[in-house]
Each structure stands twice: as C-alpha cells, then as structure tokens.
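[1] Build me a model:
(2 chains)
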Amino acid sequence: MIRINIEKKLKAYNGQQVLKIDRTFPRGGITKIYGPSGSGKTTLLKLIAGLANPDKGEIMVNGLPWYDSSRKIDLSPQRRNTGFVFQNYALFPNMTVVEHLQYATKEAEWIKRLLYLGKLDTLSTHKPDHLSGGQQQRLAILRALAIKPKVLLMDEPFSALDSKMKMELIGELKSVLVELGVTTLIVSHNQQELEMFEGEVMDFEAI
Amino acid sequence: MDLSPIWLTLKLAGITTVLLLLIGLPFAWWLSRGRAFIKIIIEAIITMPLVLPPSVLGFYLLLAFSPQHAFGKWLHDTFDVQLVFSFPGLILASVIYSMPFMIGPVKSALQQLPSSLAEASYTLGKSRWQTFWYVLLPNIKPSLFTAAVLTFAHTLGEFGVVLMIGGNIPGVTRVASIAVYDSVEKMDYASANNYSLILFAITFVLVIGVFVFNRYQAKSPLA
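    Next up is the predicted model:
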C-alpha cells in the first residue's frame, strides 16, 4: 500500500500552482491516473520514486516511511525499488536490449522470460537506435520490471504501441504484475488505452 | 637533430592528458549537476587560462612555486619538492593551463544528456558512480575523445607558461616550442623549421583524427 499526503509547488504557465495529494493506493493494485498536461501526473510518479521531493508531507510504502519532511526521512531512489517507465523511455544508447536487462538484474531466467514477454527475444543484441518506437517502449517496460519492483510507475507506457501489440502486451503484463504483487500506477492521457486494466482511477482534473 | 625536445613534449602532453582525464572527468560531472553559485566561481577560475595571456599565468605560477615564497618554500621544506625549473613543475602548470580544454567539452556533453538517463539508472538501484561509469561516460564518447585530443594538442603547443615555469633546460624542461624559439634566437632556422614541422604534423594528424572520429560517432543520445 502506498500512503501519500504531500504538497509541492509546481511551475505553471500562469505562475505557480500547488499540487496537493492525500490518497492511498492499494497494495498489489493498479491505479489509472488521468489528467491534463501539466497537472502534475509525472511529478507524482517522480515524487514516489524519489526523483523529486515534495515541499512537505509524507510517503509511506507498505508501512515504511520513504519520505517524511517532519522526521527528515528521504530514502534514496536506489533504495526504493521502484520500476519506472519514463515517457521518453530513457533507454541507454550504449547498451543492447539484453544489456539493459543485465544492467538491472543478474537473473538469466528472468531476463529470458522478460524478452519473451516483450517479444524482443530476437532483437536482444540490438541497440535502441535500431529499434522501432514500439520496441523501445516495450524495452523500457521490461527494464522497469527487471528489478522485480514493489512499486511500478509507468508514464504513458503504451503510447507508441499499435493496438494489437498493446492488447497482447497488456494481457501478459497483467499476469506478471499479479505474480510480482506489485503496486502499479499508470499515467495516461488516453482513458480508452487503459480499459483492459481493472483498478482504481485517479483523475487529476478532480484534484 | 636533437629529438629530445620532441620526446619531452610528447611525454608532457601524454602525462597531462592522463592526469586531466582522472581529475577532469569527476570534476566536469560535478560541475554539470546543479547551478550553485560556487560552481560558477570555480568554473570561471578553470576558464581563466583560456583568456589570460600564458605569460601572466606562468608568472603567478612561478611566484607560487618559487622556494622564495610561502607555498613553494613549504613544498620544499616539507616534501623536498621543487617545482620551478623541473619537469614535475611543467606537468602541474600544464594541468592547470589545459584544464578548460578537458572540462569544458565533457561538462557540456554531460549537461546535454537527458536527466532521465541517470534517473532511470538510479531507479534500477545503481549508485551515482555506477551510473557515471556505465551510463553517462559511454554516451559522451565523442566529446570525451575530443577533449582528450584537444588537451594533448594544446599541451604540445604550450610556450609562455612552460618558459616561465621551466625555463630552457635541455632534457628537463626544453620542450619543442621552446626549442623552436631558442633555435630562432640562435639564427638556426633549419632546426627551428624541423621542430616546427614535426609539431605541425603531429597536431594536424590529431585534429584530423578528431574530425574523422566525430563524423562517425557524434549522434544525439536519443537518436
């Protein structure tokens, strides 16, 4: 379970806005996050991953404090074990597909399974600039899963996939998420895209 | 023809480049992160050799290293080290003089990498050092190569600083650029021409090498 009660000032086109979030995300569940651009969806994921800090508040994950401004607790991103799928994929140009996964985990069997899951097993020696947009996006998802995260944060993770690939990947992904018992937050601007996932909805327009 | 000034120059340039790779890379990384005011001051100090006349820099280094002054005296009394008119002194002066050529390109290249690359590495549990070594450095290879070659070539061409610090001691501090000057002073234009041609050829090949390498390697990290 993720318990968040934070405040953070955000820069907006008309000055500053304050992002206030007071919410609980169920353990092992999926939360679909929607909202307009600039509303703070990506910031929320970065706050949970420890890649940005709130101005005040606390983030508790499975009973452990990851961030608490009053107690000066701030767990580093390295110790949070969060899988993060970046909107721009953030793939490493110097590494091949399999090297991305080997950088994240040493479990050969798990790597093999991930490659199969993402249908990248025949492209394992390719570097990102020799992959299509959809293949790059799948690799970004596999890399995030490679560490067997307790929390999976995905920022527009299916935007570059065609509908057939999206259906297949989401089907496989759902069973892996259940198997890992991972708490998942998925940001998307497209509500239809996440219809295959059952879970709670968080709408930033309502915040 | 006495080739010792050429070998001495190559040795000086090689050692300076290796030292600056060791010192400059972590330093460039530190400078590339954040915008603290102290970093601006330090970067300005590092950049000074680019704009100062080399003789000015050489003069102040001469004062600093001289055993007649506090720092040089302390070095001499404590470690029995004399930097003025010695090869180690030339190395130290060259490191200071060529520092902007190493740090500038590396820092710019690191700043141009998307911050999400390092962030992705951190979320995989990798330390800052692992991220620097396995993710950031391999993705700035062209800039790294350019910086190393420019540092080497710039050290080859040093004159004012090495003359002030090292003087003209054959086999110890008499590098090629000083040998050229010395030959001209003695009206020995043939030797001056030989040294100059060798320096010109080495530098030209190095610069061509940078252009060729970057032509094939330079790509956007997200391309």
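
[2] need the residues of chain B near chain A, please.
    For chain B, the contact set with chain A under C-beta under 8 Å from any C-beta of the partner chain comprises B:114, B:116-117, B:119-127, B:134-135, B:138-139, B:219, B:221-223. Every C-beta, even on glycine, is put in place using the N, C-alpha and C of the backbone.

[3] What distance do you get for the residue positioned nearest the centre of chain B to A:L177?
    Taking C-alpha atoms, centre = their mean, the centroid of chain B lies closest to B:S98, which sits 3.1 Å from it. When distance is defined by C-beta to C-beta, to the nearest Å, B:S98 is 53 Å away from A:L177.

[4] dump the residue contacts of the closest residue to B:L156 other than its chain neighbours.
    Among residues not flanking B:L156 along the chain, B:A13 sits closest, at 5.0 Å (C-beta to C-beta, 6 or more residues apart in numbering or on different chains). Going by C-beta atoms under 8 Å, 6 or more residues apart in numbering or on different chains, B:A13 touches B:94, B:151-153, B:155-156.

[5] biggest helix in chain A by residues?
    What stands out as the longest helix in chain A, according to DSSP state H, is helix A:163-180.

[6] what packs against that helix?
    Here helix A:163-180 touches helix A:108-117, helix A:133-146, going by 3 or more C-beta pairs under 8 Å, 6 or more residues apart in numbering or on different chains; DSSP states H and E.

[7] how far does it sit from the chain's center?
    14 Å (C-alpha atoms, centre = their mean, to the nearest Å).

[8] ditto for stretch B:191-205
    Counting by C-alpha atoms, centre = their mean, stretch B:191-205 comes out at 20 Å from the chain centroid.

[9] repeat for stretch B:187-194
    From the chain centre to the centre of stretch B:187-194 is a distance of 28 Å (C-alpha atoms, centre = their mean).

[10] What residues sit buried inside that stretch?
    Within stretch B:187-194, the residues that count as buried by 16 or more other C-beta atoms under 10 Å in any protein chain shown are B:191-192, B:194.

[11] if we can go back for a sec, how about the contacts of B:A13 in CSV, adding secondary structure and pLDDT?
    Output for these, formatted as CSV (DSSP: H, G, I helix; E, B strand; the rest coil; pLDDT from 0 to 100):
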residue, secondary structure, pLDDT
B:S94, helix, 95
B:T151, helix, 94
B:F152, helix, 95
B:A153, helix, 92
B:T155, helix, 94
B:L156, helix, 92
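
[12] of all these, which comes closest to chain A?
    Checking the contacts of B:A13 against chain A with C-beta to the nearest C-beta, the nearest one is B:T151 at 22.9 Å.

[13] if I pick that closest one, what's in contact with it?
    Counting by C-beta under 8 Å, 6+ apart, B:T151 makes contact with B:13, B:16-17, B:20, B:98, B:101-102.

[14] sorry, back to before: show me which of the residues of chain B next to chain A are buried.
    Taking 16+ other C-beta under 10 Å as the criterion, what is buried in the residues of chain B next to chain A is B:114, B:116-117, B:119-126, B:134-135, B:139, B:221-222.

[15] quick one: which two of those residues are the most distant?
    Distance extremes for these: the farthest pair is B:G125 and B:L222 at 23.3 Å, using C-beta to C-beta.

[16] Kindly state the pLDDT recorded for B:K219?
    Per-residue confidence (pLDDT) for B:K219: 49.

[17] same check, this time on B:P26
    Looking at B:P26, its pLDDT is 91.

[18] Make JSON lines from the buried residues of stretch B:187-194 and add pLDDT and secondary structure to it.
    Putting the buried residues of stretch B:187-194 into JSON lines (pLDDT from 0 to 100; DSSP: H, G, I helix; E, B strand; the rest coil) gives the following:
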{"residue": "B:S191", "pLDDT": "94", "secondary structure": "helix"}
{"residue": "B:A192", "pLDDT": "95", "secondary structure": "helix"}
{"residue": "B:N194", "pLDDT": "95", "secondary structure": "helix"}
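
[19] tell me which of those residues is nearest to A:Y103?
    Closest approach to A:Y103 among the buried residues of stretch B:187-194 (C-beta to C-beta): B:N194, at 51.8 Å.

[20] Roughly how far does the nearest residue to the closest one once chain neighbours are set aside sit from chain A?
    In space, B:N194 comes closest to B:M1 once its chain neighbours are excluded; the distance is 5.5 Å by C-beta to C-beta, 6+ apart. According to C-beta to the nearest C-beta, to the nearest Å, B:M1 and chain A sit 45 Å apart.

[21] What is the burial count for A:K20?
    13 (other C-beta atoms under 10 Å in any protein chain shown).

[22] so what's residue 74 scoring on pLDDT?
    Just so you know, I chose chain A. 94.

[23] let's do chain B instead
    B:W74 carries a pLDDT score of 91 in this model.

[24] returning to that earlier point: the strand or helix carrying the residue nearest to the centre of chain B: what's the following helix or strand?
    If you go by DSSP states H and E, B:S98 is part of helix B:87-112. Downstream of helix B:87-112, the first helix or strand assigned by DSSP H and E is helix B:115-123.

[25] ok so, going back, between the buried residues of stretch B:187-194, which sits nearest B:I6?
    The closest of the buried residues of stretch B:187-194 to B:I6 turns out to be B:N194 (C-beta to C-beta; 9.3 Å).

[26] coming back round to it: could you identify the most distant pair in the contacts of B:A13?
    Greatest spatial distance among the contacts of B:A13 (C-beta to C-beta): B:S94 and B:A153, at 12.2 Å.

[27] So the two - more neighbours on which side?
    Applying other C-beta under 10 Å to B:S94 and B:A153 shows that B:S94 carries more neighbours, namely 26 against 22.

[28] Can you classify residue 58 by secondary structure?
    Assuming you mean chain A. With DSSP: H, G, I helix; E, B strand; the rest coil as the basis, A:E58 sits in strand.

[29] Could you find the closest non-adjacent residue to it?
    Counting by C-beta to C-beta, 6+ apart, A:D68 is the residue found nearest to A:E58 once chain neighbours are left out, at 4.4 Å.

[30] which sections of the chain are below the confidence cut-off?
    All of this refers to chain A. Scanning chain A for pLDDT under 70 picks out A:206-207.

[31] oops, I was thinking of chain B
    B:217-223.

[32] All set, thanks.
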